[in-house]
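[1] Dropping the sequence and predicted coords here.
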Amino acid sequence: MKARLSETPRVVLIYGLLGLSGFFGPPLVGVMVPAYRDAAMLLLIAYAALILSFLGGARWGLAVARPSPSPLTVSLAMLPTLFALGLVMLPADMRLWQVGGLIGGLALQWLWDIRAKGVPAWYPALRTVLSGGAIAGLIAGGLFLSP
């Protein structure tokens, strides 16, 4: 996997890794400034939902770029956005359910992404690193930001 990750275009790898700051920044801020813990948790959940939606959009774009898009794949690519929206709409007393749901959604998206057809050889390795980082950040948020 390392050899394939090293083939990732530099700009893609840099922006991907920088994107992990949205998963690790809120838990860090919440620990350093306890008065911002609730806001940090909300930010973490919103960011994770946006990323999950983004990943679904990437799969949607891949599907519709084909000469004959699969209606099933196009439909499935919409699910991460709808799932993330549903989680964001849960009440504040369900923050840990939101975090758990986002972890599950990102894990399922990762499983789908590493089996994707028509992507560069480095893509599964990149998705593994980024999904693992995102899930780790959400776990940290659940541990350090929940009441």
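    Cool, got the structure. Quantities reported herein were computed from a predicted structural model and do not represent experimental measurements. Residues are numbered from 1 along each chain as shown.

[2] longest single helix anywhere in this protein?
    Residue-count comparison of every helix in the chain, with assignments taken from DSSP state H, identifies helix 37-64 as the longest.

[3] Show me what that helix is packed up against.
    Under the contact definition 3 or more C-beta pairs under 8 Å, 6 or more residues apart in numbering; DSSP states H and E, helix 37-64 sits against helix 21-32, helix 71-88, helix 95-113, helix 123-144. In this view, the C-beta of every residue, glycine as well, is placed from N, C-alpha and C.

[4] got a list of what the nearest residue to Gly101 once chain neighbours are set aside touches?
    Leaving out its chain neighbours, the residue that sits closest to Gly101 by C-beta to C-beta, 6 or more residues apart in numbering is Leu87, at 4.6 Å. If you count contacts by C-beta atoms under 8 Å, 6 or more residues apart in numbering, Leu87 has them with 45, 49, 97-98, 101-102, 105.

[5] between those residues, which is closest to Val74?
    Distance to Val74, by C-beta to C-beta, is smallest for Gly105 among the contacts of Leu87, at 18.3 Å.

[6] ok, of the contacts of Leu87, which come out buried?
    Among the contacts of Leu87, those classed as buried by neighbour count (16 or more other C-beta atoms under 10 Å) are 45, 49, 98, 101-102, 105.

[7] And the helices and strands packed on helix 37-64: which comes nearest Leu5?
    helix 123-144 (4.0 Å).

[8] Much appreciated, bye for now.
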